[in-house]
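Participant: Quick one, what's the 3D model for this:
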Amino acid sequence: VVCFPLPYLVPSRAPGAEVALSARRQRSATASCQRHVSARDTGAMANSEAEVQAYLDAHKIQGSVEEVINECVKAMAPDPHAFMAARLRAKAAPSGVKRPRHDQYELSVPSSGLALECTHTDAFSSTPFGGNPACVVVLPAADDPKTEAHANIDNEEWMQKVAREMQLSETSFLMRLTPSDQEGPPTFRIRWFTPGAEVDLCGHATLASSHVLWSQGHVPFSQPINFECKSGALRATRTAEGPEGEIELDFPEEPLAPIAEDDEDRARLCPAFGLAAEEVLYVGRNRMDLVAEVTPEAFARLAVDMSAVSKIECRVLSVTAVATPASLAASSAAAGPGGQAYDFVSRYFAPLVGVPEDPVCGSAHCALGPYWLQKLEPTLGGRAALLTRACSARGGDVRVRVGPADGDGRRRVVLSGQARSTMCGLLLA
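Facilitator: Below you'll find the model as predicted:
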């Protein structure tokens, strides 16, 4: 997690600005600071706090040292005192080294005062730099006066520009719809954008968004989160309280129907991936995606021609195979968490929406999960959940199970995995 320099946390160009924290975050931040205080040298702490106070005085900012440190905790700094001590060490560099004054390069918060939290989070991974990265942007709540005053942040054109700037497979935008003082699980509107287009459903960015909402204190760990999106209602829950539990996403099934033998997209598969016709075992399509099952040996030696893949009409093209030693040769992991065996493997391609190869596509499992559960059922011994490996360069693990039908007659697909945040900051444009 990136620790922000103080100018990122306190608008130094706004004299008289007050540091404002909600009571809930204030309590959480105070408890965190107390843990840091008990674990660190008192003299070093005093030096760090003296520097913060000098900064506040120099910039005529109202607010106590404790409030500023709390802002560091709010921004996910794991140890604000250690960060401030590092700044002191940097200032104590040899006298022959000329360093620019940090206030010459301060980040200017817009005069409107609107700065949006954004977090880079790796989904479907238990370690940083694995899984599928997403940027999560938290917008003002629907009942926040800033939402109406800054209508430019709640439109597709602006969101698309932000996603293009982030250059990740997905950027999600969250807006709380239920009042903050309402009891019970909150509801957020969620929208997802690739660098090239808005999409109707995205699993990994929903998992990343849920992780951010819980880990940054927007929602208590004990409460589930409801999402509203273009594909309907979604729900996120935790398998255990605290950051180590897996996150479960309740999505609608996207059933497949086999495509005809003479379908043009089926014919394009072989040259797109260097396959022989007999190596393609099944090709199916739903309203968004295409799924192709190939032999394990063919999966391990896919030769991707992205220009040919981009001619296949779909949102995401998943190439999948049963998990065997042959197909797992394409994976960086031979077994899942705790040594659990994988059931199937996949790679995901989405060039038509600006993502050549998606590291882990959660929503593709709304089709892959039911397909493989039906196919592997005789070998599962009653086991209801499958474990799958994404065989991209970053890799990733997804658990999937199929639940009962909802009121519309569509079965629900439950995807689960972990997430880790690697960076956080402020979006100013």
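
Participant: chain center to stretch 412-425: distance?
Facilitator: Centroid displacement of stretch 412-425 relative to its chain, using CA atoms, centre = their mean, to the nearest Å, is 5 Å.

Participant: Please read the previous query as pertaining to stretch 321-333.
Facilitator: Relative to its parent chain, stretch 321-333 has a centroid offset of 26 Å by CA atoms, centre = their mean.

Participant: Quick check: end-to-end length of it?
Facilitator: 16 Å (CA to CA, to the nearest Å).

Participant: Stretch 234-245 too?
Facilitator: First-to-last residue span, stretch 234-245, CA to CA: 19 Å.

Participant: how distant is stretch 357-370 from the center of its chain?
Facilitator: Centroid separation for stretch 357-370 versus its chain: 15 Å, with CA atoms, centre = their mean.

Participant: And the helices in the stretch 201-350 of the chain, which stretches?
Facilitator: For the stretch 201-350 of the chain, the helices defined by DSSP state H, counting those that start in this stretch occupy 203-215, 264-273, 296-300, 306-309.

Participant: May I see these arranged in CSV, with mean neighbour count as well?
Facilitator: Placement of C-beta: from N, CA and C, glycine included. Listed next are those as CSV, based on neighbours: other CB atoms under 10 Å:
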stretch, mean neighbour count
helix 203-215, 28
helix 264-273, 18
helix 296-300, 21
helix 306-309, 14
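
Participant: To Thr187, which of those helices lies closest?
Facilitator: Closest approach to Thr187 among the helices of the stretch 201-350 of the chain (CB to CB): helix 203-215, 11.5 Å.

Participant: who touches the nearest residue to Ala276 once chain neighbours are set aside in this structure?
Facilitator: Among residues not flanking Ala276 along the chain, Cys270 sits closest, at 6.8 Å (CB to CB, 6 or more residues apart in numbering). With contact taken as CB atoms under 8 Å, 6 or more residues apart in numbering, Cys270 is in contact with 276-277, 280.

Participant: Pull out the buried members of those.
Facilitator: Neighbour-count burial (16 or more other CB atoms under 10 Å) applied to the contacts of Cys270 gives Val280.

Participant: nearest to Thr194, of the contacts of Cys270?
Facilitator: Distances from Thr194 to the contacts of Cys270, taken by CB to CB, are shortest for Val280, at 26.9 Å.

Participant: Any idea what that closest one is bridged to?
Facilitator: Beta-bridge partners recorded for Val280 (DSSP bridges): Val294.

Participant: That one against Phe299, yeah?
Facilitator: No: in this structure, Val280 is not within contact of Phe299 by CB atoms under 8 Å, at 11.0 Å.

Participant: what number of residues lie near Glu148?
Facilitator: Glu148 has 11 neighbours, counted by other CB atoms under 10 Å.

Participant: Output the contacts of Cys270 in TSV, with pLDDT appended to each entry.
Facilitator: Shown next, in TSV, are the contacts of Cys270 (pLDDT from 0 to 100):
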residue	pLDDT
Ala276	96
Ala277	94
Val280	97
